[in-house]
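Enquirer: Have a look at this prediction, sequence included:
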Amino acid sequence: MSHRAAGPPSEANAGAPRREGRPVRRELLSALLLGALMPQRGFAQGALARPPALTLVEPGRIDSAPLFNGTYVDLDNRAARLARPAGRGLIANFWARWCGPCKVEIPELAALHARRTGVDVLGINIEADPAPVRDFARAYEIDYPVLLAREPLAMMRALGNQRAGLPFTVVLDRRGSVVALRLGVLAGEQLEAATRLALA
């Protein structure tokens, strides 16, 4: 699924002389509209605007059962199951090789896995063939566990991602309850916030 960032507002009329008789109300409306568009422009260009926050979930509102009851294979195409981590948080990240934003997350997820904070990191790939996914994981040095879900779209929708977009991350606390979601890149401060929620 493609995410189109809002384009920058037109600057063709910037600094142009004011026309005689132009209503003041129209000038004010134009200024307000430009101000509303500026944060979007900053976000699209990677400026100082902050990305959207995690979506917090009240424990129990979204059932984590679809995640643990799902059908998976590992990177060697062997049947696998996802066990509930006893007393550990979990960050489950849905991704695909063709998803550009997913590649942005990989180094930070790998770094979190290496820190051994008490939070497990799991990559859930939505593709059908594990062989190219295995090669990709080696090339990108993904050292956290990766499984391929056999019904990923239905699983994501059951976990609150109705659009089934990527990347999509589910954060579970130590009791196995879904406590946060993120549709889009999870990195930096958001990943740190997700880690704290998972350890709660």
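Expert: All right, it came through fine.

Enquirer: C-alpha only now, for contacts and for neighbours.
Expert: Fine.

Enquirer: pLDDT weak spots in this protein?
Expert: 1-52 (pLDDT under 70).

Enquirer: What segments of it are strands?
Expert: Under the criterion DSSP state E, strands of the chain are mapped to 55-56, 72-73, 79-80, 89-95, 119-125, 146-149, 168-172, 178-183.

Enquirer: Return stretch 186-200 as PDB; C-alpha atoms alone will do.
Expert: Below are the C-alpha coordinates for stretch 186-200, written out as PDB (Å, rounded to 0.1, in the frame of the first residue of the first chain):
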ATOM      1  CA  LEU A 186       8.500   2.500  14.100                       C
ATOM      2  CA  ALA A 187      11.900   3.900  15.000                       C
ATOM      3  CA  GLY A 188      13.700   6.400  17.300                       C
ATOM      4  CA  GLU A 189      11.600   7.800  20.200                       C
ATOM      5  CA  GLN A 190       8.500   5.700  19.100                       C
ATOM      6  CA  LEU A 191      10.500   2.500  19.400                       C
ATOM      7  CA  GLU A 192      11.800   3.500  22.800                       C
ATOM      8  CA  ALA A 193       8.200   4.300  23.900                       C
ATOM      9  CA  ALA A 194       7.100   0.900  22.600                       C
ATOM     10  CA  THR A 195       9.900  -0.800  24.500                       C
ATOM     11  CA  ARG A 196       8.800   0.900  27.800                       C
ATOM     12  CA  LEU A 197       5.200  -0.200  27.200                       C
ATOM     13  CA  ALA A 198       6.200  -3.800  26.500                       C
ATOM     14  CA  LEU A 199       8.100  -3.900  29.800                       C
ATOM     15  CA  ALA A 200       5.200  -2.600  31.800                       C
END
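
Enquirer: returning to that earlier point: include mean neighbour count when you put the strands of the chain into a markdown table, please.
Expert: Formatted as a markdown table, these follow (neighbours: other Cα atoms under 10 Å):
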| stretch | mean neighbour count |
| --- | --- |
| strand 55-56 | 14 |
| strand 72-73 | 21 |
| strand 79-80 | 14 |
| strand 89-95 | 25 |
| strand 119-125 | 23 |
| strand 146-149 | 25 |
| strand 168-172 | 26 |
| strand 178-183 | 23 |
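
Enquirer: Now do the same contact list for P145.
Expert: V121, L122, G123 (Cα atoms under 8 Å, 6 or more residues apart in numbering).

Enquirer: is it true that the second one touches L90?
Expert: Yes: taking contact to mean Cα atoms under 8 Å, the distance of 7.4 Å between L122 and L90 places them in contact.

Enquirer: mind checking how far P59 is from V104?
Expert: 29 Å (Cα to Cα, to the nearest Å).

Enquirer: How about A154?
Expert: Distance, A154 to V104, using Cα to Cα: 25 Å.

Enquirer: Equivalent analysis for E189, please.
Expert: Following Cα to Cα, the distance that separates E189 from V104 is 14 Å.

Enquirer: cool, D173 as well?
Expert: Computed as Cα to Cα, the D173 to V104 distance reads 24 Å.

Enquirer: So which of these two has more stuff around it?
Expert: When neighbours are counted by other Cα atoms under 10 Å, D173 comes out ahead of the other of D173 and V104, with 24 against 14.
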